Each structure stands twice: as structure tokens, then as C-alpha cells.
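# Give me a 3D structure for the following:
(4 chains)
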There are 2 protein chains.
Amino acid sequence: MDPRAEQILDHIIEQYIQTAEPVGSRAISKLTELNLSAATIRNVMSDLTEVGMLSQPHTSAGRVPTDRAYRYYVDKLQKNKPEETIQDEVWPAKRPYERLEDLLYEAAQELTEETHCTGLLLSPRPASSKLNRVELIGISGTQVLVVLVTQAGMVKNRIITLKECPEQEDLNLVASKLCELFLGHAIGDIHEGLLETLAGKTDRLSAHAIRIGKKALEIETSGEVYISGGANLCGFPEFNNQASLKKVYQEFEDKRGLSRILNEMTRSAGLHVTIGSENQAAGLESCSILARTYGTTNSLLGSIGIIGPTRIDYPKVIKAIDRSSRKLSYAVDHFLNSNT
Amino acid sequence: MDPRAEQILDHIIEQYIQTAEPVGSRAISKLTELNLSAATIRNVMSDLTEVGMLSQPHTSAGRVPTDRAYRYYVDKLQKNKPEETIQDEVWPAKRPYERLEDLLYEAAQELTEETHCTGLLLSPRPASSKLNRVELIGISGTQVLVVLVTQAGMVKNRIITLKECPEQEDLNLVASKLCELFLGHAIGDIHEGLLETLAGKTDRLSAHAIRIGKKALEIETSGEVYISGGANLCGFPEFNNQASLKKVYQEFEDKRGLSRILNEMTRSAGLHVTIGSENQAAGLESCSILARTYGTTNSLLGSIGIIGPTRIDYPKVIKAIDRSSRKLSYAVDHFLNSNT
DNA sequence: AGTTAGCACTCCTCATCGTTGAGTGCTAAT
DNA sequence: ATTAGCACTCAACGATGAGGAGTGCTAACT
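Numbers count the residues shown, from 1 in each chain, chains lettered A, B, ... in the order given. The predicted structure follows:
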């Protein structure tokens, strides 16, 4: 693409992000240093419309960037990013955190306030969390309360039902056996395969351990989605009617769509952006989602980011998310080290 | 108040609930069996306006019921209610529930779908829950994971930090001592007073128990608010602008206002209704909240209900809530009995 | 050949202005 | 006490027209 056309497109996008109004050729001619007449800009705009970067609400209106234009814009932003000159951001811990979740929520809320958008957070995937502790507590004839403590300090509990439930003493033995054998392994891995290593053993304890472990370690493979500041969407002109808001809020309730998108984003490190129709969720086709992974140096735990209209201030929001995710990573690292 | 005026007021309210449009004198004259001319109706309407039961959007529009009118209407509905002829509603358990919460959420969702409003649920107040089991699990030098199991089958865990943490063996002894002494007592009561009964004892274990129990049993005194179907509010004509929606959604996020209202409602058995400005929460002055307590015969656990615009179909919604809360009570009872 | 001024054209926006109609309040007759 | 009649109010609607922002095209300019 013509470099001059690129420049013009950038200006149109930035102008539209600021004003939410279709951008005309005159505005670009006046507001930029290009010293080009409106007529010239018009020719370029016409070309950009032909290649699907701009659209017109109606014949005599200005131009609006398409999803494709935002995609191009964001890709360029990422490419020209100053080479990760980043000093680690420090989290000014306001108070000691008891639970990892508290830390995560606070980070998301801070990001929400900073960007005036809606914050998204994907918590660490339980199945990928490393086992630190198992406790089995018989609570009735057939039911056992399973308490799993991960090395990330998260506590999960579930109640499982067994046909025949061993005595509490045996449960304790099974629990400590599981701990001993699988300490530090991902819970999902233990459940999916490692338990089988016990299959050869014929002692009573191992048999119990397999049977109970198979149920006790069955755990969510996706992280949980936390949403903060959903009401902020009511501030955007693109959501000025009930129908458009309803679609998004429905996605906020049935979180499966968001969960899929955020889990997908957590598969590789760094910033991920999905724009408008790129979102694989029916209600989010007029939204953009930006999120960045957080975690320790050698493992991605989850993602933190925001959701807003496709006309979102990408540069500003990306900066905020970068900072946020770094601060959060720092804090999580600190949290984990101080707890082991 | 004149019985005829009452009749007319009822008709106006019911008409307005159906149409969401100001109701005129002609409509009442034609639609009712009263055989009164529009002029007569007008006179009555004028009186009703004077006593604050009706209001006019503008001079030449019909009348709209005020909050006070809805209050009068709901009070009458309650008074004329057929004397609790109620057969217990049965919950057709679709699947076995592992956790009490699952049961509660499903009840709220069912109510939401039935009423097309937004469902509210207040879960049992942890501090009022009766203790069934305590486990103390040391997870680091100074931190102890506390697992509380209530007799309602709810599991709560928190992490507490102790200056000096006893060995796991001692923790186990403390836990079983606490269990033994306080089984079946409300956790809040134990924390507030019962622990003191140990103060006389001078043995090491009792000292530990007081110190740890004071921290371990510190627990929320309010139930948690669960909201289901928030997007449904987007369907009502009264919320057809961003500002009005935003106010309500902000209350959905910072749940303190709703929590206060629902907790208050749970103090006495039965149906509770707060209408418009009666709601002690800034964002809810154009909403009505209806909720009914649920629980076992001798203890109120929480409340289930709905929130919608003040122009809500009170008779229908009240019926739905009554049914729902009875079904839920039945199910909770069943759940508790099958688990002990 | 790229750029630009000029111009006709489109079409949204906004204000104006009757018109309509639903609804009211008042009065006088029943 | 009730009601018919009537004047009045005011939102809603549609038509009309001016204004203006913006476009696309063409012809002239560098």
C-alpha cells in the first residue's frame, strides 16, 4: 500500500477514535501536516474504500474505518513497538493479599478505572496449576470433600461422591500418598495420565488412590472469566440503544464465548487483539478485545485485558494493558515466592 | 378511600403495567364494567392525582401510577391473598446437586426465565450457618488454610496468617477440639462469644484453640448476592437510554446496595417488596425488588426474588416467586437431609 | 501524471409549522 | 352524583425548506 495512503488512513482512524463521527476529506486536509488538498485526500479515500479499509454510512457522509482497517492499524502498532525496553513494572502492594484471586481482581479493577472500559481477567487454569497439597475430608457416608491447594496458592474444593467411602484414616493416607507422588505436577496431567503409573501397584492404598484420585482431581481445564466495570459500556455512543447493549451483556452472563476467546489468547505469550467480526462470539461483533498474558517467567497463568467498542483508543489501551500485565506478573511472582 | 376510586386505581395500574403508556379516562371507561362515563372517571382521576396516587407526564397526557400507588396495590394483593392454602411445591430434581450453591443458582435461573426479569438470590449467611466441620491445614510457615463445612453443606475456605504456627498435628487437635465443642452452633456465635468459654482453661490446646479460632471463624455476616439475567433489563421501555441502564448496572456490580436490601428482607419470613424510591440504593429508584425468604422450617437461610422496573407485573411475579421459594425450600430441605 | 480548484449533487440535520388526536378541566344540564 | 359538551393543552407526526458537510467528477494547473 502507498505510504501516503497509509498515513492518511492512520489519520482517519485516529480522528474517528477521538470523535466517533465519520471523518471527511476536509478535516484530514486541514488537521494534518500533509499539505494536501481535500480533493487529493478524496481520491485516496476512494481507493481506501475500494480495498475495504473504509466505509460510508451514506453517500454524502465522511468515512468510517472498517474492522480490517483497525486490524491493519493494530498490527502496525505492534510492529513499530519500541523493542521491549521495558523495565519491570512494580506493583505498589497496598495491602497483603491472602488469596491470589484478590490480587487478580484488584489488577483488573485498576485497569478498568484507568481505561474507562470494561476489564477482563482470565484466572489461572486449574488443570494447569501445579499441585501443592491435597486433603480429603469425609463429610458423610458417601461424600468426600476434596481440598486442592495449588502452588500458585489457589484453593479449590469440590465434593465427590463415592460408592464406598474409606475411613478418614485411609483418606488421610491416600491424600498424603497423592501429595508425595505428584507434588509439583499439573493437576490436569495427574488426572489424565500420571495416575496410571500406580496401576501396576497392587496394594490396597494404591487402588484407593487411583479410584479416588480419578474423581478428586477432575478439574476445570479453563480459567475463570472475571468482568469488571461492565456498566462502563453504557458510556459509549456505539452502544446507545438497548439491542446493542443487550447482545454484549448477554455475553457477559453466559461467559462461554469470552472464556473461549481469552483461553485461546493465553496459549501464547504477549498481547492479543481480536477486532469486531474476528470475535468468535455472536454478541461481540461490534467489540474489540485486547488482552495480554500474565504469569511467571516460565509459565503463562492467564490473561488480563479489556473489552470495548471496535473504535477504542488502541495505543492508549495497549499501553495500559502492557503495564498492567507486567505489574500483575511481578505481583504474582512476588506472591508465589513469599508463600513457599 | 372511596371503594370506587380504589377500583379505578386498580384498573389504571393494571392497564399501565400491560402497556407502559399513560392511561386515559376514556380507556378506563370503555375497558371496564363500571359503566361510568369518561367524565366521571376524570373526576376520580383528578382526586387520585391530588392524593399522590397518580401523576401526569404533561397536562394533556393520561395518568401514570406513582410509587405510592404500587405500594397500595401490592399491600392489597398481599392482604387478599388466599390463606396460605399452599401445598408444598416439589422440586423436580433434574440432577443430583453436589453443592448447595448449584441448587440455589438453578432456582434463580429458573425464576429468571419464567418472569423475564432479572433474578436475585441471597445465599445463606455464613455467620448464621451451623458448624459441621473445621479443618486446619498448614500451608506455609505462618499460613493456615481453614476449611469450614456448614451443616447446610456449604464449604468456605480462607487463609489466615499466624505469628507462630503450630505443627500440623496440633492443628488437627485444635480442629477436632473446635468441632467437638461447637458442632451445630452458628459460626458467628462461636466467633463472637462461645470461644470465650474456653478462656478459663489453661491447657495449651485451649489457648491455641482460642487464638486460632478467633481468626479462623471470622466470617462474612451477610449472604452473597447472585444476579441472573441482568441483560433482561435491556428489554424494558423504561430503560431505553444509557443513563438509566448505567445506574442499575452499577448497582449490579457494586453489590453492597442490593446486599443490604436483600439481607434486610431476610430478617423476617415471607415476601418482601420495595418499590422505587423505597429502595435505599441510589441507582435503584426506578426499580422494584421482590423477594421471598427460603429455608427450612425453623431457619431462614436467604432470599430469592427478582428486580425489574416499578411497572412490573406484580401479581404474576409474586406468584412465581412464591412458587420458586417454596420449591427451593423443599429442595434445600431435601438436600440437607440427604447429606447428613 | 499527479494535484487541485470548481461545481453539481447527495443527503443528513435541524428548525419551523401546521395538523392531528388523545387527553384534560370546567361548566351546565340531567 | 353523573354526564354531555366544549374549549384548551400538548406530544407526536409529517411535510417543507434552508443549511451544511461531504462526495465525485471534470478540467485546469504544475
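# can we go C-alpha only for contacts and neighbour counts from here?
OK.
# Around chain B, which positions in the stretch 101-250 of chain A sit nearby?
With Cα under 8 Å from any Cα of the partner chain as the criterion, the stretch 101-250 of chain A comes near chain B at residues A:140, A:155, A:157, A:159-160, A:228-232, A:234-235, A:239-243, A:245-246, A:249-250.
# at 7 Å what do you get?
Counting by Cα under 7 Å from any Cα of the partner chain, the residues of the stretch 101-250 of chain A close to chain B are A:Ser140, A:Ile159, A:Ala231, A:Cys234, A:Asn240, A:Asn241, A:Gln242, A:Lys246, A:Tyr249, A:Gln250.
# Wasn't the fourth one part of a helix?
Yes: under DSSP: H, G, I helix; E, B strand; the rest coil, A:Cys234 falls within a helix.
# Skip the chain neighbours and tell me the closest residue to it.
Spatial nearest neighbour of A:Cys234, excluding adjacent residues (Cα to Cα, 6 or more residues apart in numbering or on different chains): B:Gln242 at 5.3 Å.
# Drop anything exposed from the residues of the stretch 101-250 of chain A next to chain B.
Burial by neighbour count, judged by 16 or more other Cα atoms under 10 Å in any protein chain shown, picks out A:Ile159, A:Ala231, A:Cys234, A:Asn240, A:Gln242, A:Lys246, A:Tyr249, A:Gln250 from those.
# And those residues, which two are furthest apart?
Taking Cα to Cα as the measure, those span a maximum distance of 44.8 Å, between A:Ile159 and A:Asn240.
# thought the residue nearest to A:Cys234 was touching A:Glu238?
No: checked against Cα atoms under 7 Å, the pair B:Gln242 and A:Glu238 is beyond contact range at 10.8 Å.
# now the helices for the stretch 101-250 of chain A?
For the stretch 101-250 of chain A, applying DSSP state H, counting those that start in this stretch gives helices covering A:168-182, A:187-192, A:204-216, A:242-253.
# Now the third one: average pLDDT?
Across helix A:204-216, pLDDT averages out at 87.
# what's the distance between that helix and the middle of its chain?
Chain-centre distance of helix A:204-216: 35 Å, with Cα atoms, centre = their mean, to the nearest Å.
# Dump it to PDB, restricted to CA.
Taking C-alpha atoms only, helix A:204-216 is exported to PDB below (Å, rounded to 0.1, in the frame of the first residue of the first chain):
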ATOM      1  CA  ARG A 204      -4.800 -51.500  48.800                       C
ATOM      2  CA  LEU A 205      -3.700 -47.900  49.200                       C
ATOM      3  CA  SER A 206      -2.700 -47.600  45.500                       C
ATOM      4  CA  ALA A 207      -6.100 -49.000  44.400                       C
ATOM      5  CA  HIS A 208      -7.800 -46.400  46.600                       C
ATOM      6  CA  ALA A 209      -5.600 -43.700  45.300                       C
ATOM      7  CA  ILE A 210      -6.400 -44.400  41.700                       C
ATOM      8  CA  ARG A 211     -10.100 -44.700  42.300                       C
ATOM      9  CA  ILE A 212     -10.400 -41.600  44.400                       C
ATOM     10  CA  GLY A 213      -7.800 -39.600  42.500                       C
ATOM     11  CA  LYS A 214      -9.700 -40.100  39.300                       C
ATOM     12  CA  LYS A 215     -12.600 -38.300  40.800                       C
ATOM     13  CA  ALA A 216     -10.900 -35.900  43.100                       C
END
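# Determine the set of other helices and strands touching it.
helix A:168-182 (3 or more Cα pairs under 7 Å, 6 or more residues apart in numbering or on different chains; DSSP states H and E).
# Quick one: residues contacting the closest residue to DNA strand D within the stretch 101-250 of chain A.
Closest contact between the stretch 101-250 of chain A and DNA strand D, by Cα to the nearest atom of the strand, is at A:Asn241 (17.1 Å). Going by Cα atoms under 7 Å, 6 or more residues apart in numbering or on different chains, A:Asn241 touches B:Asn240, B:Asn241.
# picking up where we left off before, which of the residues of the stretch 101-250 of chain A next to chain B lies closest to B:Ala216?
The closest of these, once distances to B:Ala216 are taken by Cα to Cα, is A:Ile159, at 21.3 Å.
# Pretty sure the closest one sits against A:Val147.
No: with contact defined as Cα under 7 Å, A:Ile159 does not reach A:Val147; the gap is 8.8 Å.
# For the helix or strand harbouring A:Ala39, which helices and strands make contact with it?
Using DSSP states H and E, A:Ala39 falls within helix A:38-50. For helix A:38-50, the contact count by 3+ Cα pairs under 7 Å, 6+ apart identifies helix A:25-31 as packing neighbours.
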